[in-house]
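Trainee: Predicted coordinates and the sequence they were generated for:
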Amino acid sequence: SQKIEQNSEALNIQEGKTATLTCNYTNYSPAYLQWYRQDPGRGPVFLLLIRENEKEKRKERLKVTFDTTLKQSLFHITASQPADSATYLCALERPGRRALTFGSGTRLQVQP
Amino acid sequence: DGGITQSPKYLFRKEGQNVTLSCEQNLNHDAMYWYRQDPGQGLRLIYYSQIVNDFQKGDIAEGYSVSREKKESFPLTVTSAQKNPTAFYLCASSITGSDTEAFFGQGTRLTVV
């Protein structure tokens, strides 16, 4: 069956360090993958999209990589700040379905 | 301001009653979506619509119904057939086509007592 897996355990890091979150998928061959941020009680907010022919994408302190061989995307936040504390979700589009399927998300806690 | 609006933010209903959640967008998006989120879980797709007067079932459509009579609106009805309706419901919209970002509303938290 098709699965999107994110580490369900919260990630705790110190301010200023780099946070790295993982998204693994099985039995998909997505043309692209997206990352969203979700704060408690709020709707997700789009952060970055990376296509299958792109190895890496950057936006300010954010960096996403996409390894179609490993079936994995890594999401990095450099120089992390307490304001980066949130749940981060990866999402992709399943074949034949024009709608995003989301992973369960990883909660990031940045300690001051 | 362009955006997607869900109302109400909190909703309480008695068991056995149908309830309709509102979702309106003024982004001129053709596609709209409904997701359900349970505590500590990711988003699960209920229904989606790529164009007016057309919609498709997602992964957990049982006990739910939708309509798409207008481009701006995609209401979700939680029927009494839904076994465990208490959850956080999220509506989203996007332009059609692949690799487009989804814009989400602020969600409706439904509690059935």
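Mentor: It's in.

Trainee: Spell out which parts of chain B neighbour chain A.
Mentor: B:31, B:33, B:35, B:40-45, B:48, B:50, B:56, B:58-59, B:88, B:90, B:92, B:96, B:98-99, B:101-107, B:109 (Cβ under 8 Å from any Cβ of the partner chain). C-beta coordinates here come from the backbone N, C-alpha and C atoms, glycine included.

Trainee: Pull the number of nearby residues for residue 99.
Mentor: Here I'm looking at chain A. 23 (other Cβ atoms under 10 Å in any protein chain shown).

Trainee: actually chain B
Mentor: Other residues close to B:Asp99 by other Cβ under 10 Å number 14.

Trainee: What does the pLDDT read for it?
Mentor: pLDDT, B:Asp99: 79.

Trainee: contacting residues around A:Glu15?
Mentor: Contact analysis of A:Glu15 by Cβ atoms under 8 Å, 6 or more residues apart in numbering or on different chains lists A:Ser80, A:Gln81, A:Pro82, A:Val110, A:Gln111, A:Pro112.

Trainee: From B:Leu90, how far out is A:Ala86?
Mentor: Remark: distance between A:Ala86 and B:Leu90 (Cβ to Cβ, to the nearest Å) = 15 Å.

Trainee: Please narrow the contacts of A:Glu15 to those residing in strands.
Mentor: A:Val110, A:Gln111 (DSSP state E).

Trainee: Looking at the contacts of A:Glu15, which is nearest chain B?
Mentor: The shortest gap between chain B and any of the contacts of A:Glu15 belongs to A:Val110, at 19.5 Å (Cβ to the nearest Cβ).

Trainee: how close does that closest one sit to B:Asn53?
Mentor: For A:Val110 relative to B:Asn53 (Cβ to Cβ), the value is 46 Å.

Trainee: cool, B:Glu69 as well?
Mentor: 7 Å.

Trainee: Tell me the residue of chain A that sits nearest chain B?
Mentor: Nearest to chain B, among the residues of chain A, is A:Gly43, at 3.2 Å (Cβ to the nearest Cβ).

Trainee: Isn't B:Thr100 up against B:Ala92?
Mentor: No. Using Cβ atoms under 8 Å, B:Thr100 makes no contact with B:Ala92, being 11.0 Å away.

Trainee: Of all residues in chain B, which one is nearest the centre?
Mentor: B:Trp34 (3.0 Å; Cα atoms, centre = their mean).

Trainee: so what's that residue up against?
Mentor: Taking Cβ under 8 Å, 6+ apart, we find B:Trp34 in contact with B:23, B:45-48, B:58, B:64, B:66, B:74, B:76, B:89-92.
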